[in-house]
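J.: next input, structure requested:
(chains A and B)
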Amino acid sequence: MNSKKLKTIFLNNAIVIMLILVSIVVGIIRPGFFSDANARNLIVNTAVRFIIALGVSGCLITKGTDLSAGRAVGLAACLGATFLQRADYTGRVYADMPEFSLILVLLGVILITTCFGMFNGLIISYLKVPPFITTLGTQTIIYGICLVFTGAQPIGGLRKDYTTLSTGAVGGIQWIPYLGVIALVLGIIMFFVYGHTRHGKNMYAIGGNENAAEVSGVNTTKTKILIYATAGALYGFAGFLLGAKAGGASVNIGFGYELEAIAGCTIGGVSTNGGVGRISGILVGVLVFELLKIAMQFVGVEPSYTYIVQGIVIIVAVALDIRKYVAKK
Amino acid sequence: MPDYLIEMNGISKSFPGVKALDGVNLKLRPGAVHALMGENGAGKSTLMKCLFGIYSMDEGEILLNGQHTRILNPFDALKKGIAMVHQELQPIPERSIAENMFCGRYPYKNFGIKVVDHARMYQETAAALERIGLNFDPRRKLGELSVSQMQLIEIGKAISVGAKVIIMDEPTSSLTQAEVETLFSIINILRNEGCAIVYISHKMDEILRISDEVTIMRDGKYIGTWPAAELTTDKIITHMVGRQMTNLYPERDNKPGEVVLTVADYTSIHPKSFRNAGFTLRKGEILGICGLVGAQRTELMEGIFGLRASVSGTVNYQGKKIKIRRPKDAIDNGIALLTEERRATGIFGVLSISDNVAIASLSKYLKYLIMLDGKKINALVHDNIKKLNIKTPSEKTQIQSLSGGNQQKVIISRWLANDPDILIMDEPTRGIDVGAKYEIYTIIADLAKRGKSIIMISSEMQEIIGMADRVMVMCDGIITGFVENDDMTQEKIMELATRFEN
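T.: This is a model prediction of the structure:
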């Protein structure tokens, strides 16, 4: 009985245990793994993807999905980069453009991606087009808009204050980068929204049983539009940060990020059957993914192989996790 | 030949935290209908799932024709001649009747590759249905049939596999009286052919009519087996609840007050649904709604609640005309609806009891404008768990792990928390055991006493007569009459319920 209990505990926390084991093993063979620089690298990589995953999670919890996430992030990065180029940069997109404030550009970018998110929500709620198809459509639309807007040209020469968002750290301490702090704050806000507001409860109710939610007086239309709009806002924020992190942007930036975000969420216990998922789980899910990538880099696995490993991890992690929800017979 | 087709001896089964079955016995004779009775949560379904191979039992033995056997899974059960007609159907509505009947065991022709033999499938389906007196085109989409017809198809499926043991889990819950008769004649055919039938139902009159033997369970334990001829409704109830039930319905002493709700000329957008419906409801009144299946009772109530569209009609509430476009409008006006289909439109299965209770009244539990007050919500939930006697390990338990009666009490709590003035209850005691039924009746009577108005739809006429101040009867979308006081008899209600226009 005791060993059975131990096994259950092990299986229920398999992902976290795996995370720790991988870290220890890699840390022993490659001492550089436990360095400030690497911690910083991990946090910065996780931060952007965590913000995207936060956005996707609401869609997943309500039995939807959002395939437009990656392209929305890409558009946001391109917009951010375009409007925050150095005045003395020769390849400026708009040569005579005045110098906008950082906050203004950030808000503008978020506004635009929020509109796309709201568009998703409206189509899904009113026209009843399945989320998978709706967001597949917007994914393509946004990519097209991004191509038209950038003329498929890469955008570089970003302002120092913009790139500092990515390179800077609180009090100059390497392992407390601004990016990490921003992601943490957004995570806390979403934790509060999911667990302690009516909107959050309504979201879980819709995921648990949409018909029952409607009968209970939940405005399912409004809630879903709000969820997709919030997701859009988060992609905007993430994309803006990604532009700073990459030091430039092109149409291909953000490609495939929606799939990583969905993978991170499901690894972290967000059920695609709806109604289940926690912010802490999402963080763990994204972290596992990034840690694994970095660990493989450290050990010297050839990049092409890392994809194979990542794919396996997605399936194994979800297979282990799903045991908790499948009715025991 | 052994006396029994199936012998289940000393069956035990535990789930985390509960012992669902504790040494239960069940012996099935060939050519006999064996009723299995007990309150919800008594373990009837669990026992049947052990027999059908859905669950594996922890202890005990199963003898098939006197031989020890192990039933590994439902497929294995079917091979051994055991079939189950489930309480909740699992139809594939977009496929044909034949494909539904032969799902997983399609007949095929072998041309080197296996090709489904449609002709044979259709022919065998028609033959199986004919044997039980049904005449459907096997090519029809299953989804075009009514729920009760699907239930009969499901029985046809059990027969077509050549089962000798057929388990029927509440087969009549969605059947009309005429369809029940059809079912009973099917059961008689099967009995004469030597099948053993396990019949699970809460309807006493049916049990006493159709069964040969009755086994009663309580709290996962075996209470006993009796020939049906030796039992009466009272005796069965006493065995099921383990105590004497003197009153089936609580005493009511309040008199209805002034009119609070007037509905006039309510007509659905669907021509065959409710038409020109008009009625009033008084403060503190319990208005019963009777009618046969298809009388559009549920549709009318869901129409008033804003779940279904109407082309005409007015609702006057406390002297004011109100417009209800969606459930939220009704709720904001103090009207609540306990829906008929608990699983489909009532519970949030994966969510906790706490979330299930609080969902309709979240705006009452706010602090700092947007934040939910967890402490207040917890107090509310604990209060309801105690007041309504909800049996659960904790308020964090997922609602789907509770029994039907306890789930229903949780949903009633949801509406009590919202404190509506009018509570519409659609089949509030369907699929709920006798003990919990009485508790729910008490809650309803208490609400009426406190001045709330109740509309109660029920297919159990005795329940309506026992509880209601007045009964509204519907037939085929039309309100055919109201009865009260001494007129509230089964005969009078039946007469109105069958008053078809043509």
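
J.: what's the nearest residue to residue 32 if we skip its chain neighbours?
T.: The chain I'm using is chain A. Spatially, and ignoring its direct neighbours in sequence, A:Gly32 is nearest to A:Asn38 (6.5 Å; Cβ to Cβ, 6 or more residues apart in numbering or on different chains). Every C-beta, even on glycine, is put in place using the N, C-alpha and C of the backbone.

J.: look at chain B instead
T.: With sequence-adjacent residues excluded and distances taken as Cβ to Cβ, 6+ apart, B:Ala32 is closest to B:Asp212, at 4.2 Å.

J.: quick one: contacts for the residue of the stretch 201-329 of chain A found nearest chain B?
T.: Here the stretch 201-329 of chain A gets closest to chain B at one residue, A:Gly208, 3.4 Å apart by Cβ to the nearest Cβ. Applying Cβ atoms under 8 Å, 6 or more residues apart in numbering or on different chains to A:Gly208 gives the contacts A:274-275, B:348-351, B:355.

J.: what does A:Gly217 give?
T.: Counting by Cβ under 8 Å, 6+ apart, A:Gly217 touches B:327-328, B:330-332, B:360.

J.: and B:Ile166, how many neighbours?
T.: Using other Cβ atoms under 10 Å in any protein chain shown, B:Ile166 has 24 neighbouring residues.

J.: ok, the residue nearest to A:Gly32 - contacts?
T.: Applying Cβ under 8 Å, 6+ apart, we find A:Asn38 in contact with A:32, A:294, A:298.

J.: check which helix or strand the second one maps to.
T.: Meaning A:Ile294. If you go by DSSP states H and E, A:Ile294 is part of helix A:279-299.

J.: who does that helix touch, helix- and strand-wise?
T.: Counting contacts by 3 or more Cβ pairs under 8 Å, 6 or more residues apart in numbering or on different chains; DSSP states H and E, helix A:279-299 is packed against helix A:14-29, helix A:36-61, helix A:178-196, helix A:257-267, helix A:303-322.

J.: one more time with 6 Å, if that's ok
T.: Counting contacts by 3 or more Cβ pairs under 6 Å, 6 or more residues apart in numbering or on different chains; DSSP states H and E, helix A:279-299 is packed against helix A:14-29, helix A:36-61, helix A:178-196, helix A:257-267.

J.: worst mean pLDDT among these?
T.: Of all the helices and strands packed on helix A:279-299, mean pLDDT reaches its minimum on helix A:14-29 (a mean of 86).

J.: what is the burial count for B:Gly313?
T.: Neighbours of B:Gly313 using other Cβ under 10 Å come to 20.

J.: got it, and B:Ala196?
T.: As a burial measure, B:Ala196 scores 25 neighbours (other Cβ under 10 Å).

J.: find the nearest non-adjacent residue to it, please.
T.: Spatially, and ignoring its direct neighbours in sequence, B:Ala196 is nearest to B:Leu28 (4.0 Å; Cβ to Cβ, 6+ apart).

J.: who does B:Lys19 bridge with?
T.: Taking DSSP bridges as the rule, B:Lys19 bridges to B:Ser14.

J.: look up how far chain A lies from it.
T.: Remark: distance between B:Lys19 and chain A (Cβ to the nearest Cβ, to the nearest Å) = 15 Å.

J.: just the pLDDT for that residue.
T.: Looking at B:Lys19, its pLDDT stands at 77.

J.: against B:Ser453, how distant is it?
T.: 43 Å (Cβ to Cβ, to the nearest Å).

J.: interface residues of chain A facing chain B?
T.: Residues of chain A found near chain B (Cβ under 6 Å from any Cβ of the partner chain) are A:196-198, A:201, A:205, A:208-209, A:211-212, A:214-217, A:219, A:275-276, A:329.

J.: among the residues you listed, which ones are buried?
T.: Among the residues of chain A next to chain B, the ones that count as buried by 16 or more other Cβ atoms under 10 Å in any protein chain shown are A:196-198, A:201, A:205, A:208-209, A:211-212, A:214-217, A:219, A:275-276.

J.: show me which of these is closest to A:Ala317.
T.: Distance to A:Ala317 across these (Cβ to Cβ) is lowest for A:Val276, with 15.3 Å.

J.: what's near enough to touch that closest one?
T.: B:Val350 (Cβ atoms under 6 Å, 6 or more residues apart in numbering or on different chains).

J.: mind redoing it with 8 Å?
T.: A:Val276 makes contact with A:61, A:204, A:207, A:269-270, A:325, B:350, according to Cβ under 8 Å, 6+ apart.

J.: again, but for B:Pro428
T.: By Cβ under 8 Å, 6+ apart, B:Pro428 lies in contact with B:338, B:408, B:412, B:440, B:444, B:456, B:458.

J.: try 10 Å
T.: B:Pro428 is in contact with B:338, B:340, B:342, B:408, B:411-412, B:437, B:440-441, B:443-444, B:454, B:456-458, B:463, B:467, counting by Cβ atoms under 10 Å, 6 or more residues apart in numbering or on different chains.

J.: same check, this time on B:Arg218
T.: Counting by Cβ under 10 Å, 6+ apart, B:Arg218 makes contact with B:37-39, B:41-43, B:224, B:239-242, B:433, B:435.

J.: which pLDDT value goes with it?
T.: Looking at B:Arg218, its pLDDT is 85.

J.: need the phi and psi values for it.
T.: Dihedral pair for B:Arg218: phi -150, psi 130, per degrees, to the nearest 10.

J.: how far away is it from B:Leu51?
T.: Distance from B:Arg218 to B:Leu51, counting by Cβ to Cβ: 19 Å.

J.: same check on A:Leu147?
T.: Computed as Cβ to Cβ, the A:Leu147 to B:Leu51 distance reads 63 Å.

J.: so which of those two has more stuff around it?
T.: Shown here are A:Leu147 and B:Leu51; by other Cβ under 10 Å, B:Leu51 has more neighbours (23 against 12).

J.: surely that one touches B:Val198?
T.: Yes - when contacts are counted by Cβ atoms under 10 Å, B:Leu51 is listed as touching B:Val198 (7.9 Å).

J.: who are the contact partners of residue 55?
T.: I went with chain A, as the question did not name one. Residues in contact with A:Gly55 (Cβ under 10 Å, 6+ apart) are A:66, A:69, A:72-73, A:113, A:117, A:186, A:190, A:227-228, A:230-238, A:258, A:261, A:265.

J.: right idea, wrong chain: chain B
T.: B:Tyr55 makes contacts with A:328-329, B:13, B:15, B:20-21, B:45-49, B:71, as judged by Cβ under 10 Å, 6+ apart.

J.: secondary structure element for the closest residue to B:Ala158 other than its chain neighbours?
T.: In this structure, B:Ala158 finds its nearest non-sequential neighbour in B:Ala83, 3.6 Å apart by Cβ to Cβ, 6+ apart. Per DSSP H and E: B:Ala83 is located in strand B:82-85.

J.: can you check B:Met474 too?
T.: B:Met474 belongs to strand B:470-475 when assigned by DSSP H and E.

J.: what's the answer for A:Ile9, then?
T.: A:Ile9 is part of helix A:2-12, with elements assigned from DSSP H and E.

J.: other SSEs contacting that helix?
T.: Taking 3 or more Cβ pairs under 10 Å, 6 or more residues apart in numbering or on different chains; DSSP states H and E as the contact definition, the neighbouring helices and strands of helix A:2-12 are helix A:14-29, helix A:303-322.

J.: adding distance to B:Met8 as columns, could you present the contacts of B:Arg218 in JSON lines?
T.: Formatted as JSON lines, the contacts of B:Arg218 follow (distance: Cβ to Cβ, whole Å):
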{"residue": "B:Met37", "distance to B:Met8": "16"}
{"residue": "B:Gly38", "distance to B:Met8": "15"}
{"residue": "B:Glu39", "distance to B:Met8": "20"}
{"residue": "B:Gly41", "distance to B:Met8": "19"}
{"residue": "B:Ala42", "distance to B:Met8": "15"}
{"residue": "B:Gly43", "distance to B:Met8": "12"}
{"residue": "B:Gly224", "distance to B:Met8": "15"}
{"residue": "B:His239", "distance to B:Met8": "19"}
{"residue": "B:Met240", "distance to B:Met8": "19"}
{"residue": "B:Val241", "distance to B:Met8": "24"}
{"residue": "B:Gly242", "distance to B:Met8": "22"}
{"residue": "B:Asp433", "distance to B:Met8": "22"}
{"residue": "B:Gly435", "distance to B:Met8": "25"}
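
J.: cool, thanks, talk later.
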